[in-house]
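K.L.:
Could you work out the structure for the sequence below:
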Amino acid sequence: MSRRQLLIEGGTMKVGLRHVATLIGVLLGATLLFSSPVAAAKGAGLFPAGTYDLSFAGADLSEFSGNLSVFLDVSTGTDVARPDGAPQSTTSQTQVFLNMFDNSTFTFTSACVILDHPSDFTIDNRLGGASLNTTMTPSTPSCGFTPPLTSDIGINATWTGAGPLASQTGTSNYACAGYRANSSGRSLTNTAIANATITIDGAATAIPAAQTSLNSNDFQVAAQGAIDPGCGPTGFGTGPTPAGHLHFNGLFANGFFTPPTGEFDQVSLSEVSQSGGPNVSEDDLSLDFFGGAINGFGCFAIPSSDVVSNGLTSASLQTTVTGSPLCTNSFPGFNLNFPLTVSATWTGTGPVMTVHDQNNYQCSGYSQATSTFVANRAADSVATVTMPDYFGNPQTAVFSGGFGSLTQVTQNVQAHGVLAQSCLIRG
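P.N.:
Numbering: from 1, shown residues only. The predicted structure follows:
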């Protein structure tokens, strides 16, 4: 399969990888399943030189009981940091997040607290079960997302692991300029049956049994060297695939523009090839304008000859859209006039960041081995969009001084067996 895509969406022009996301998952962010342990552990940001141990375990519940809807999430985590030239530090906390809405009285209760007694929550290290038995009061510390409580809330909840247990192990090697970070990690997930009783000011509500999940993660990171200002996190992920071998290559360019008017605009290009999956070849241009001289959205297939790419050095696009054909599996556009022309250029600047991930996932009789290499470089960007107004007069929007990145991805996936539905029902 060969595929390229430019996406434009925004206040006046703003672009993302919407169409490619359905094919390859999330790029340049903390990916959810097969991702860099560094990115998964910390999200944005890199670790200073030193060694770090990060652990997390949690359980959740989402259910309806009569007129009451409930969402409960409880997690416990411990971070041990040994930065070079500084003393070791250990940070631990157990957090409870609760949202409740009574649609008969239209009352809403929201709480995010740090438990005074972390032992009120226990979870088996093999995710066989978990329990929470606690009372939160107005004096219980808030975690900052919600105001302090105004009444007592008691929670008695149990989770019983139902299986199958899914596990993932992985290693990641990150390099940028003189900085290096090597990490390894293990994640477990298990389906579970949850039961809970929630008491507010003495009034107890029993929550019916619900299927949910238990999760845990353990990561170890060793970092060396100083972090260059041009370096940042980068990752790539894809979910479980059918049995067989999948090879993926991709080049992605994205640019962000922030005009003085306060609009946020983004332009992104993706060039993708895949073997071992469906035989698809398509270049896509997706447009989404809001808040500026141009307002509307749409996704259209464009000729591959309209795109020129040169690795992490540069990429450019010059194309004219007539309104058809649409992108495969896309929704019809809205409020765009044709012909519409788009010209965009990305020029790589700064150091090259690289990440090499090796991940292995197992659940029931299914297994998947994934090897991913990502190279990323900051990029300057410029773009011009011209579209006729309702009277046929052309309107041109010019964007300059954009910031973003150029990213190359190579991924190999080898899968065996059939992924059971129970392996997909995870929180």
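
K.L.:
Which stretches in the stretch 1-150 of the chain count as helices?
P.N.:
Remark: helices assigned in the stretch 1-150 of the chain by DSSP state H, counting those that start in this stretch are 18-24, 37-42.

K.L.:
which stretch in these has the least confidence?
P.N.:
Sorting the helices of the stretch 1-150 of the chain by mean pLDDT places helix 18-24 lowest, at a mean of 29.

K.L.:
How many neighbouring residues does residue 294 have?
P.N.:
For residue 294, the neighbour count with other Cβ atoms under 10 Å is 23. (Glycine included, C-beta is placed from N, CA and C.)

K.L.:
got it, and residue 112?
P.N.:
18.

K.L.:
Same question for residue 293.
P.N.:
Neighbours of residue 293 under the rule other Cβ under 10 Å: 12.

K.L.:
Quickly note the distance from the closest residue to residue 384 other than its chain neighbours to residue 414.
P.N.:
Of all residues not flanking residue 384 in the chain, residue 343 sits nearest, at 4.6 Å (Cβ to Cβ, 6 or more residues apart in numbering). Residue 343 sits 41 Å away from residue 414, taking Cβ to Cβ, to the nearest Å as the criterion.

K.L.:
Going by neighbour count, which residues in the host helix or strand of residue 288 are buried?
P.N.:
Counting by DSSP states H and E, the element that carries residue 288 is strand 281-289. Using 16 or more other Cβ atoms under 10 Å as the test for burial, strand 281-289 gives 282-289.

K.L.:
Equivalent analysis for stretch 222-230, please.
P.N.:
In stretch 222-230, counting by 16+ other Cβ under 10 Å, buried: 223, 225, 227.

K.L.:
need the strands for the stretch 51-200 of the chain, in chain order.
P.N.:
68-83, 89-102, 107-114, 121-123, 129-136, 153-176, 179-200 (DSSP state E, counting those that start in this stretch).

K.L.:
where among these is the average confidence lowest?
P.N.:
Among the strands of the stretch 51-200 of the chain, strand 107-114 scores lowest, at a mean of 89.

K.L.:
so what secondary structure elements neighbour the one helix or strand residue 402 maps to?
P.N.:
If you go by DSSP H and E, residue 402 is part of strand 394-416. With contacts taken as 3 or more Cβ pairs under 8 Å, 6 or more residues apart in numbering; DSSP states H and E, strand 394-416 sits against strand 244-257, strand 265-275, strand 340-363, strand 366-388.

K.L.:
make it 10 Å
P.N.:
strand 244-257, strand 265-275, strand 307-310, strand 340-363, strand 366-388 (3 or more Cβ pairs under 10 Å, 6 or more residues apart in numbering; DSSP states H and E).

K.L.:
Mind checking which of the buried residues of stretch 222-230 land in strands?
P.N.:
If you go by DSSP state E, those have residue 223 in strands.

K.L.:
In this model residue 190 seems to touch residue 364, though I could be wrong.
P.N.:
No. In this structure residue 364 lies outside contact range of residue 190 using Cβ atoms under 10 Å: 11.6 Å.

K.L.:
When these two are compared, which one has more neighbours?
P.N.:
Comparing residue 364 with residue 190 by other Cβ under 10 Å, the one with more neighbours is residue 190, at 27 against 15.

K.L.:
can I assume the more buried one is in contact with residue 211?
P.N.:
No. Using Cβ under 10 Å, residue 190 is not in contact with residue 211, being 11.4 Å away.

K.L.:
Need the residues touching each of those two.
P.N.:
Residues within reach of residue 190 and of residue 211 at once, by Cβ atoms under 10 Å, 6 or more residues apart in numbering, are 162, 422.

K.L.:
beta partners for residue 362?
P.N.:
Taking DSSP bridges as the rule, residue 362 bridges to residue 167, residue 367.

K.L.:
Okay, it and residue 216: tell me how far apart.
P.N.:
On the measure of Cβ to Cβ, residue 362 and residue 216 end up 15 Å apart.

K.L.:
still on that earlier bit, and the residue nearest to residue 384, what are its bridge partners?
P.N.:
Judged by DSSP bridges, the bridge partners of residue 343 are residue 318, residue 384.

K.L.:
Identify whichever of the strands of the stretch 51-200 of the chain lies nearest to residue 251.
P.N.:
strand 153-176 (18.8 Å; Cβ to Cβ).

K.L.:
quick one: the closest one to strand 340-363, angle?
P.N.:
Counting by axes from the mean of the first three to the mean of the last three Cα atoms, to 10 degrees, strand 153-176 lies at 110 degrees to strand 340-363.
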